[in-house]
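A structural model of the following input is requested.
(chains A and B)
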Amino acid sequence: MAEKYRVRFAPSPTGSLHIGGAHTALFNWLFARRTGGTFVLRIEDTDRERSTKEYEQSIIDGMRWMGLDWDEGPDKGGSFGPYRQSERMDLYRKYADRLLSEGKAYEKEGALFFRIEPGKHIHFHDEVYGDIDVESENASVNQDGTIKDIVIMKRDGMPTYNYAVVIDDFTMGINMVIRGEDHVINTPKQLLIYDALGFERPAFAHLPMILGKDKKKLSKRQGATSVFEYSDMGYLPDGVFNFLALLGWSPRSGQEIFSREEAVELFDIKNVTRKPAVFDIEKLNHINQEQMKRMDPYVLLDAIRPFWKQMGLPVEKFSDEYLASSLKVLGGRGQTTIQAAEYSDYFLDFSKVTERYDGKDIKDELRPKLKKIYGELLNAWGDGSFEHLHNAAQEIFTANESSMKEAATPMRWALTGRKVSPGVFEVAGQLGREETKKRLEYYGLV
RNA sequence: GGUCCUAUCGUCCAGAGGCCCAGGACACCGCCCUUUCAAGGCGGCGACGCGAGUUCGAAUCUCGCUAGGACCGCCA
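This is a model prediction of the structure:
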């Protein structure tokens, strides 16, 4: 069989993990896991001005949040380290010296330049974009179109991106480069360096860009950038993962909602699209909701708990069992964990109900009738299950010449303070007889 | 301006010459269920950018046009 693939995600720590980076990391991860290859994390911190350890950590945290893990990296080592470019200076100097001594590079104004020979055809096959051909004189040009030799070592002694990436990918044994489409234009420059050094070229697969609503490349200026901002907005890692996987790719089967494990099973780089994809928050909402529905209630509980706390709800007063079953009663309502937290607030705190509902719309002439009905219902509580309550209510309502519509609506308002909710009897059963009674009493309905 | 890339519903994707007067998903609209819907079920609206070719036959191949994107830093 062919050798194992080694792929890498190589962010520069000049900001948190943003959507574009997360997308690239995700596809590298899927490819590595699908092919049984190795996923390397390399930190490209050659920009001394803007790189920070905090951002590096933030990127690592962001990847972990998404559920991505890697096999080699600055935090866990590996046999191809070090994994930070700032720690690989000797390598960059060594190969630069070789280029210098062979006359393929020269020094000027304190920087090292790689000489571009015109008249060379550069060809490579991209796993996604197919065959790409560029003439060497077009690979690196000034604004006026003249050839511009490539800077490989900056005046501050640090290597440039296009040079370091070649040295690192080669010395780290990377044989499949999966990165954003904004790099296809850089590939010919890098190939010139691969060839000059006699390095074996890796395979390339470029991923379509993710565009904002304005059809422009997502930038920091446009709304949320860090994956953590999506976390703050109530999106689940599984939702973001699933959504991002569907940008520029879809499984042959057409399945749209899947777990990480299923995605690995389904993944095939051959199905990656070439067209830039617009980031559509509505679709994210839907996928996030579907992921919440699939999730174990206890796991979902952990995701929702912080938002309940943020809303000032007395979460600690309740058992996990009660909280988790409340979410089960909620039944998939809400697209984000924030919404789910809001839509379920009445399970934790009656004052949320009284804040938004004053009961003034209940007609006085109806009260005696409702009191009688609800009193009977409380007496016929039984095991408090939906089936039992529902059946009991039906009997009681008809016996009192009332209807579901007439009698259940005020009860819903009294229990939840909302026009819409899960079935009233499910809510009542979940709240329990005492709490239900208390709420009905508050509104003078029992 | 130059180079490279792309071009199917508003958006994300199917479609690798006949199975497509184009299929799914989101959104939107309508209907049903129901005590309510933000849950569930059913249905509708809606696209192959344009023009030439090749072919018995093109969304699929070729060319041109147009449009969009990316890149042109001693940033990565």
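
Backbone dihedrals for the residue nearest the centre of chain A, please?
Taking CA atoms, centre = their mean, the centroid of chain A lies closest to A:Val240, which sits 2.8 Å from it. The phi and psi values for A:Val240, taken as degrees, to the nearest 10, are phi -70, psi -40.

Next up, identify which helix or strand the residue nearest to it when sequence neighbours are not counted is on.
Nearest residue to A:Val240 in three dimensions, chain neighbours excluded: A:Tyr230, at 5.5 Å (CB to CB, 6 or more residues apart in numbering). The C-beta positions use only the backbone N, C-alpha and C, and glycine is treated the same way. Element membership for A:Tyr230, per DSSP states H and E: helix A:227-232.

for A:His123, same thing?
strand A:121-126.

Now do that strand: everything it contacts.
A:131-136, A:139, A:184, A:187-188, A:191-192, A:201, A:203-206 (CB atoms under 8 Å, 6 or more residues apart in numbering).

ok, of these, which come out buried?
Neighbour counting with 16 or more other CB atoms under 10 Å marks A:132, A:134, A:136, A:139, A:184, A:187-188, A:191-192, A:201, A:203-206 as buried within the contacts of strand A:121-126.

out of those residues, what pair is the most spread apart?
By the measure CB to CB, A:Ser136 and A:Ala205 form the most distant pair in the buried ones among the contacts of strand A:121-126, at 23.0 Å.

right, and A:Ala196 touches A:Arg98 too?
No. The criterion here is CB atoms under 8 Å, and A:Ala196 misses it with A:Arg98 at 9.2 Å.

which residues does A:Lys270 contact?
Applying CB under 8 Å, 6+ apart to A:Lys270 gives the contacts A:Glu127.

Now the longest helix anywhere in chain A: average pLDDT?
Determined from DSSP state H, the single longest helix within chain A is helix A:19-35. Here helix A:19-35 scores 97 as its mean pLDDT.

Does that helix reach RNA strand B?
No. Between helix A:19-35 and RNA strand B, judged by CB under 7 Å from any atom of the strand, nothing touches; the nearest distance is 9.4 Å.

quick revisit: the buried ones among the contacts of strand A:121-126 also near RNA strand B: which ones?
Contacts with RNA strand B within these, counted by CB under 7 Å from any atom of the strand: A:132, A:134, A:184.

where does A:Asp133 fall, phi/psi-wise?
With angles defined as degrees, to the nearest 10, A:Asp133 sits at phi -130, psi 130.

need the contact list for it.
Residues counted as contacts of A:Asp133 (CB under 8 Å, 6+ apart) are A:121-123.

and if you look at A:Ser403?
A:Phe397.

roughly how far apart are it and RNA strand B?
A:Ser403 sits 7 Å away from RNA strand B, going by CB to the nearest atom of the strand, to the nearest Å.

which strands and helices sit next to the longest helix of chain A?
The helices and strands touching helix A:19-35, judged by 3 or more CB pairs under 8 Å, 6 or more residues apart in numbering; DSSP states H and E, are strand A:6-9, strand A:38-41, helix A:53-66, strand A:176-180, strand A:203-207, strand A:210-211, helix A:237-245, helix A:260-266.

So which of the ones you listed is nearest A:Gln289?
That would be helix A:237-245 among these, by CB to CB, at 7.9 Å.

Okay, buried residues for the closest one please.
A:237-245.

and the helix or strand hosting A:Leu112, what other elements does it pack with?
Here A:Leu112 sits within strand A:111-114, counting by DSSP H and E. Judged by 3+ CB pairs under 8 Å, 6+ apart, strand A:111-114 is in contact with helix A:89-101, strand A:105-108, strand A:150-153, helix A:187-197.

Next one: the residue nearest to the centre of chain A relative to RNA strand B, how far apart?
Using CB to the nearest atom of the strand, we find A:Val240 at a distance of 14 Å from RNA strand B.

average pLDDT for stretch A:430-440?
Mean per-residue pLDDT for stretch A:430-440: 96.

Just give me how far that stretch sits from the chain centre.
Centre-to-centre, stretch A:430-440 and its host chain are 39 Å apart (CA atoms, centre = their mean, to the nearest Å).

How about it and RNA strand B, touching?
No. Using CB under 7 Å from any atom of the strand, stretch A:430-440 stays clear of RNA strand B, coming no nearer than 12.3 Å.

So what's the residue count around the residue lying closest to A:Thr46 once chain neighbours are set aside?
Leaving aside its sequence neighbours, A:Thr46 sits nearest to A:Met158 (CB to CB, 6+ apart; 4.5 Å). Neighbourhood size, A:Met158 [other CB atoms under 10 Å]: 17.

How about the contacts made by the residue in the stretch 301-446 of chain A that RNA strand B sits nearest to?
Residue nearest to RNA strand B within the stretch 301-446 of chain A: A:Gly423 (2.7 Å; CB to the nearest atom of the strand). Counting by CB under 8 Å, 6+ apart, A:Gly423 makes contact with A:386, A:390.

Kindly state the pLDDT recorded for it?
Here, the pLDDT recorded for A:Gly423 equals 94.

Now do the phi/psi pair for it.
phi -50, psi 140.

For A:Leu366, see how far away it is.
22 Å (CB to CB, to the nearest Å).

Same check on A:Ser326?
Taking CB to CB as the measure, A:Ser326 and A:Leu366 are separated by 30 Å.

Pick out whichever of the two has more residues nearby.
More neighbours surround A:Ser326 than the other of A:Ser326 and A:Leu366, with 21 against 14 (other CB under 10 Å).

Next one: the more buried one from A:Gln339, what distance?
Separation of A:Ser326 from A:Gln339 (CB to CB) stands at 15 Å.

number of nearby residues for A:Trp249?
By other CB under 10 Å, neighbour count at A:Trp249 equals 24.
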